[in-house]
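Participant: Need coordinates for the below:
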Amino acid sequence: MQATGCRKLLNDNTNVTGQWLPESTGWVISELLPGLHAAGLRHMAWVYAADSGSWRSAEVTLALAAAAPTVMAFHDVPEAYTWLVAAGGAAAGAPTA
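Facilitator: A predicted model of the protein is given here:
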């Protein structure tokens, strides 16, 4: 992210199955999201898995996550992509000042 100036990420979990490990929620909210934010990420479109166990795990995790980076959850990739392109005013993946 730092090398490319990318500030947006589409996280497609469509094919993920099963519930997360108990420690996964803590890792996402205390390590992954803050680390991505520190690297420059500002907007993430999180596409839920079709598997109900996995998307419920993600839903709980995202409800506990800090406000930065901005993470919005979606049930399909096209909707997530549309939001991501509009988020922050720059095209997805485009470097910003």
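
Participant: what's the span of stretch 65-84 from first residue to last?
Facilitator: 18 Å (Cα to Cα, to the nearest Å).

Participant: Can you give the distance from it to the centre of its chain?
Facilitator: 6 Å (Cα atoms, centre = their mean, to the nearest Å).

Participant: and the helix or strand of the chain with the lowest mean pLDDT, which residues are buried?
Facilitator: Least confident helix or strand of the chain, by mean pLDDT, DSSP states H and E, is helix 52-64 with a mean of 79. By neighbour count on 16 or more other Cβ atoms under 10 Å, the buried set for helix 52-64 is 54-55, 57-58, 61-62. C-betas here are computed from N, CA, C, even on glycine.

Participant: which other helices and strands contact that helix?
Facilitator: helix 22-27, strand 70-74 (3 or more Cβ pairs under 8 Å, 6 or more residues apart in numbering; DSSP states H and E).

Participant: As JSON lines, those with distance to Ala45 and mean neighbour count would be great.
Facilitator: Formatted as JSON lines, the helices and strands packed on helix 52-64 follow (distance: least, Cβ to Cβ, whole Å; neighbours: other Cβ atoms under 10 Å):
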{"stretch": "helix 22-27", "distance to Ala45": "19", "mean neighbour count": "12"}
{"stretch": "strand 70-74", "distance to Ala45": "6", "mean neighbour count": "17"}
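
Participant: Make a markdown table out of those and add mean pLDDT and distance to Ala49.
Facilitator: Putting those into a markdown table (pLDDT from 0 to 100; distance: least, Cβ to Cβ, whole Å) gives the following:
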| stretch | mean pLDDT | distance to Ala49 |
| --- | --- | --- |
| helix 22-27 | 87 | 13 |
| strand 70-74 | 92 | 11 |
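
Participant: got JSON lines for those, with distance to Gly88 too?
Facilitator: Listed next are the helices and strands packed on helix 52-64 as JSON lines, based on distance: least, Cβ to Cβ, whole Å:
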{"stretch": "helix 22-27", "distance to Gly88": "26"}
{"stretch": "strand 70-74", "distance to Gly88": "8"}
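
Participant: ok, now how distant is Glu79 from Ala58?
Facilitator: 16 Å (Cβ to Cβ, to the nearest Å).

Participant: do the same with Ala67
Facilitator: 17 Å.
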